[in-house]
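*Asks:* Pasting the sequence and the predicted model now:
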Amino acid sequence: MSITLVLGGARSGKSTYAQKQAEQAAAKTGRPPLMIATAEAFDDEMRDRIDRHRDERGDGWRTLEAPLDLAAAVRDLTAEDIVVVDCLTLWLSNQMLGDHDVDAAIEELAQAFSACPATAWVVSNEVGWSLVPENALGRRFRDDAGRLNQRIAAVADKACLIVAGMRLDLHRY
């Protein structure tokens, strides 16, 4: 149906925007929206974040956890699904920390989104506007995140940038 890439920095409001859009779309269908979550709770702080996000969504959401095999989760979606994927950069870090083939995983995910029949908002961080990371892993993550965002944007129907809770629609050049 429609894939929208929602980009923004930390605490920009991108997840809130995507969730509100999905809730509005789902209300028209009478079906609950689906959150495909990519976070893994490796520590107490992350567990608290996950719990807080779950509480903020409330009981009206279904949740599917896909920290690594996000492409399979996307391939399983139907035309009736209203979905938020949150977020691609956490998924990317899971790929990198698991020593997976990042380029192959990005391509598999892009192909899954290009064939996806659902209405989806796909959240990702824009990390390339800050300081150059001081270590090789940080620089690799920044570069891979930029390539990931470009690849998903290429197959998305729309893209927007959220800054300070405000939306800017993006257009292909």
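*Replies:* Arrived safely, thanks for sending.

*Asks:* Residue 21 should be in a helix, yeah?
*Replies:* Yes. Counting by DSSP: H, G, I helix; E, B strand; the rest coil, one finds residue 21 located in a helix.

*Asks:* And the lowest mean pLDDT element among the helices and strands of the protein?
*Replies:* helix 44-57 (a mean of 87; mean pLDDT, DSSP states H and E).

*Asks:* The closest residue to residue 3 other than its chain neighbours: neighbour count?
*Replies:* Using C-beta to C-beta, 6 or more residues apart in numbering and skipping the chain neighbours, the partner closest in space to residue 3 is residue 156 (4.5 Å). Every residue, glycine included, has its C-beta placed from N, CA and C. Neighbourhood size, residue 156 [other C-beta atoms under 10 Å]: 23.

*Asks:* how about the longest helix along the chain: buried residues?
*Replies:* Across the chain, the longest stretch assigned as helix under DSSP state H is helix 136-155. Neighbour-count burial for helix 136-155 flags 141, 142, 144, 145, 148, 149, 151, 152, 153, 155 (criterion: 16 or more other C-beta atoms under 10 Å).

*Asks:* now swap in stretch 106-113 and tell me
*Replies:* So, applying 16+ other C-beta under 10 Å, buried residues of stretch 106-113: 106, 108, 109, 110, 112, 113.

*Asks:* still on that earlier bit, buried set for the helix or strand just after the least confident helix or strand of the chain?
*Replies:* Sequence order places strand 62-65 as the next helix or strand after helix 44-57, per DSSP states H and E. The neighbour-count check on strand 62-65 (16+ other C-beta under 10 Å) flags nothing as buried.

*Asks:* distance of residue 89 from residue 127?
*Replies:* 7 Å (C-beta to C-beta, to the nearest Å).

*Asks:* So for the two, which residues contact both of them?
*Replies:* Counting by C-beta atoms under 8 Å, 6 or more residues apart in numbering, the common neighbours of residue 89 and residue 127 are residue 145.

*Asks:* quick one: the helices in the protein?
*Replies:* In the chain, the helices defined using DSSP H lie at 14-29, 44-57, 70-75, 88-97, 102-114, 136-155.

*Asks:* Closest to residue 33 out of the buried residues of helix 136-155?
*Replies:* For residue 33, the nearest member of the buried residues of helix 136-155 is residue 152. The distance, counting by C-beta to C-beta, is 19.6 Å.

*Asks:* Quick check: the closest one touching residue 123?
*Replies:* No. Here residue 152 lies out of contact with residue 123, judged by C-beta atoms under 8 Å, at a distance of 10.6 Å.

*Asks:* residue farthest from the centroid of this protein?
*Replies:* residue 134 (25.6 Å; C-alpha atoms, centre = their mean).
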